[in-house]
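Asks: Dropping a prediction and its sequence here:
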Amino acid sequence: MREQSNSFKRPEKDILFSRAIKAGKRLYYIDVKQSSRGEMYLALTESKKIVSGDPEMPQVNYEKHKLFVYPEDFEKFTNSLADAIKYIYEQQGQVPQRPEEPRDIQIEGLEF
(Lines give C-alpha, C1' and ligand atoms only; values in the text may rest on other atoms or scores of the structure.)
Protein backbone atom coordinates (compact mmCIF):
# COMPACT_ATOMS: atom_id res chain seq x y z
CA MET A 1 0.00 0.00 0.00
CA ARG A 2 1.17 3.59 0.29
CA GLU A 3 2.97 5.64 2.89
CA GLN A 4 1.59 9.08 3.69
CA SER A 5 4.37 11.65 3.65
CA ASN A 6 2.60 14.97 3.87
CA SER A 7 2.95 16.86 7.13
CA PHE A 8 -0.79 16.90 7.87
CA LYS A 9 -1.17 13.13 8.06
CA ARG A 10 0.68 10.66 10.23
CA PRO A 11 2.60 8.02 8.25
CA GLU A 12 1.02 4.58 8.11
CA LYS A 13 2.45 2.08 10.54
CA ASP A 14 4.64 -0.57 8.94
CA ILE A 15 2.55 -2.53 6.45
CA LEU A 16 3.96 -6.00 6.01
CA PHE A 17 1.24 -7.44 3.76
CA SER A 18 -1.70 -5.87 1.95
CA ARG A 19 -4.65 -6.90 -0.20
CA ALA A 20 -7.08 -4.49 -1.86
CA ILE A 21 -10.58 -5.63 -2.82
CA LYS A 22 -12.50 -3.46 -5.28
CA ALA A 23 -16.23 -3.75 -4.70
CA GLY A 24 -18.30 -1.26 -6.68
CA LYS A 25 -17.85 2.21 -5.18
CA ARG A 26 -15.97 0.76 -2.24
CA LEU A 27 -12.44 -0.46 -1.70
CA TYR A 28 -11.58 -2.79 1.13
CA TYR A 29 -8.02 -3.11 2.37
CA ILE A 30 -6.77 -5.99 4.45
CA ASP A 31 -3.39 -5.04 5.87
CA VAL A 32 -1.01 -6.77 8.22
CA LYS A 33 0.73 -4.08 10.23
CA GLN A 34 3.37 -4.10 12.90
CA SER A 35 3.26 -2.08 16.10
CA SER A 36 6.27 -0.25 17.48
CA ARG A 37 6.77 -3.25 19.80
CA GLY A 38 7.04 -5.60 16.79
CA GLU A 39 3.61 -7.21 17.25
CA MET A 40 1.55 -7.90 14.12
CA TYR A 41 -2.17 -7.24 13.78
CA LEU A 42 -4.85 -6.90 11.09
CA ALA A 43 -6.07 -3.51 9.93
CA LEU A 44 -9.31 -3.71 7.92
CA THR A 45 -10.30 -0.54 6.06
CA GLU A 46 -13.37 0.34 4.03
CA SER A 47 -12.88 3.32 1.72
CA LYS A 48 -15.88 4.77 -0.10
CA LYS A 49 -15.68 7.45 -2.78
CA ILE A 50 -18.04 10.38 -2.10
CA VAL A 51 -18.68 12.84 -4.95
CA SER A 52 -20.49 16.08 -4.11
CA GLY A 53 -20.91 19.64 -5.28
CA ASP A 54 -21.25 21.07 -8.77
CA PRO A 55 -21.38 18.35 -11.47
CA GLU A 56 -18.94 20.37 -13.60
CA MET A 57 -16.48 20.81 -10.72
CA PRO A 58 -17.25 17.89 -8.40
CA GLN A 59 -15.57 17.57 -5.05
CA VAL A 60 -14.25 14.07 -4.41
CA ASN A 61 -13.65 12.79 -0.90
CA TYR A 62 -13.04 9.37 0.55
CA GLU A 63 -14.85 8.20 3.66
CA LYS A 64 -12.79 5.64 5.56
CA HIS A 65 -13.64 3.27 8.36
CA LYS A 66 -10.99 1.18 10.10
CA LEU A 67 -11.10 -1.89 12.28
CA PHE A 68 -8.11 -3.42 14.05
CA VAL A 69 -8.06 -7.10 14.99
CA TYR A 70 -5.31 -8.43 17.24
CA PRO A 71 -3.91 -11.99 17.17
CA GLU A 72 -5.47 -12.99 20.49
CA ASP A 73 -8.89 -12.32 18.90
CA PHE A 74 -8.34 -13.95 15.47
CA GLU A 75 -10.10 -17.23 16.25
CA LYS A 76 -13.17 -15.59 17.79
CA PHE A 77 -13.29 -12.98 15.03
CA THR A 78 -13.03 -15.46 12.13
CA ASN A 79 -15.51 -17.88 13.72
CA SER A 80 -18.03 -15.08 14.26
CA LEU A 81 -17.50 -13.71 10.75
CA ALA A 82 -18.03 -17.18 9.25
CA ASP A 83 -21.20 -17.61 11.39
CA ALA A 84 -22.57 -14.25 10.21
CA ILE A 85 -21.89 -15.05 6.55
CA LYS A 86 -23.44 -18.50 6.91
CA TYR A 87 -26.55 -16.92 8.50
CA ILE A 88 -26.93 -14.46 5.61
CA TYR A 89 -26.61 -17.25 3.03
CA GLU A 90 -29.17 -19.37 4.91
CA GLN A 91 -31.63 -16.46 5.11
CA GLN A 92 -31.34 -15.01 1.60
CA GLY A 93 -29.22 -17.41 -0.38
CA GLN A 94 -25.84 -16.75 -1.88
CA VAL A 95 -25.46 -13.45 -3.66
CA PRO A 96 -23.95 -13.65 -7.15
CA GLN A 97 -20.33 -12.49 -7.20
CA ARG A 98 -19.29 -9.52 -9.32
CA PRO A 99 -17.68 -10.93 -12.49
CA GLU A 100 -14.54 -8.75 -12.18
CA GLU A 101 -13.83 -10.01 -8.68
CA PRO A 102 -12.74 -13.64 -8.49
CA ARG A 103 -13.25 -15.22 -5.10
CA ASP A 104 -9.82 -15.81 -3.57
CA ILE A 105 -10.64 -16.89 -0.04
CA GLN A 106 -13.04 -19.49 1.29
CA ILE A 107 -14.13 -18.51 4.82
CA GLU A 108 -15.80 -21.74 5.89
CA GLY A 109 -13.21 -23.89 7.62
CA LEU A 110 -10.65 -21.11 7.19
CA GLU A 111 -8.98 -22.85 4.28
CA PHE A 112 -6.91 -20.16 2.56
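Replies: Cool, the structure landed.

Asks: pLDDT weak spots in the protein?
Replies: For the chain, applying pLDDT under 70 flags the ranges 1-13, 100-112.

Asks: Show me the helices in it, by range?
Replies: For the chain, the helices defined by DSSP state H occupy 74-92.

Asks: quick one: furthest residue from the center of it?
Replies: residue 56 (31.3 Å; CA atoms, centre = their mean).

Asks: quick check: longest strand of this protein.
Replies: Criterion DSSP state E: the longest strand present in the chain is strand 40-52.

Asks: Now do the buried residues in it.
Replies: 41, 42, 43, 45 (16 or more other CB atoms under 10 Å). In this view, the C-beta of every residue, glycine as well, is placed from N, C-alpha and C.

Asks: just checking, what packs against that strand?
Replies: Counting by 3 or more CB pairs under 8 Å, 6 or more residues apart in numbering; DSSP states H and E, the packing neighbours recorded for strand 40-52 are strand 26-34, strand 59-69.

Asks: relative to strand 59-69, how tilted is the first one?
Replies: Between the axis of strand 26-34 and that of strand 59-69 there is an angle of 40 degrees, by axes from the mean of the first three to the mean of the last three CA atoms, to 10 degrees.

Asks: Just want the angle from strand 26-34 to strand 40-52.
Replies: Using the same axes, to 10 degrees: strand 26-34 against strand 40-52 is 150 degrees.

Asks: re the thing from before, ok, and what's touching the longest strand of the chain?
Replies: With contact meaning CB atoms under 8 Å, 6 or more residues apart in numbering, strand 40-52 is reached by 13, 16, 25-35, 58-71, 74.

Asks: returning to what we had before: I'd like the helices and strands packed on strand 40-52 written out as a markdown table, with distance to residue 88 and mean neighbour count added.
Replies: Output for the helices and strands packed on strand 40-52, formatted as a markdown table (distance: least, CB to CB, whole Å; neighbours: other CB atoms under 10 Å):
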| stretch | distance to residue 88 | mean neighbour count |
| --- | --- | --- |
| strand 26-34 | 17 | 16 |
| strand 59-69 | 19 | 11 |
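
Asks: Would you convert those into TSV that also reports distance to residue 81?
Replies: As requested, the helices and strands packed on strand 40-52 are arranged in TSV below (distance: least, CB to CB, whole Å):
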stretch	distance to residue 81
strand 26-34	12
strand 59-69	10
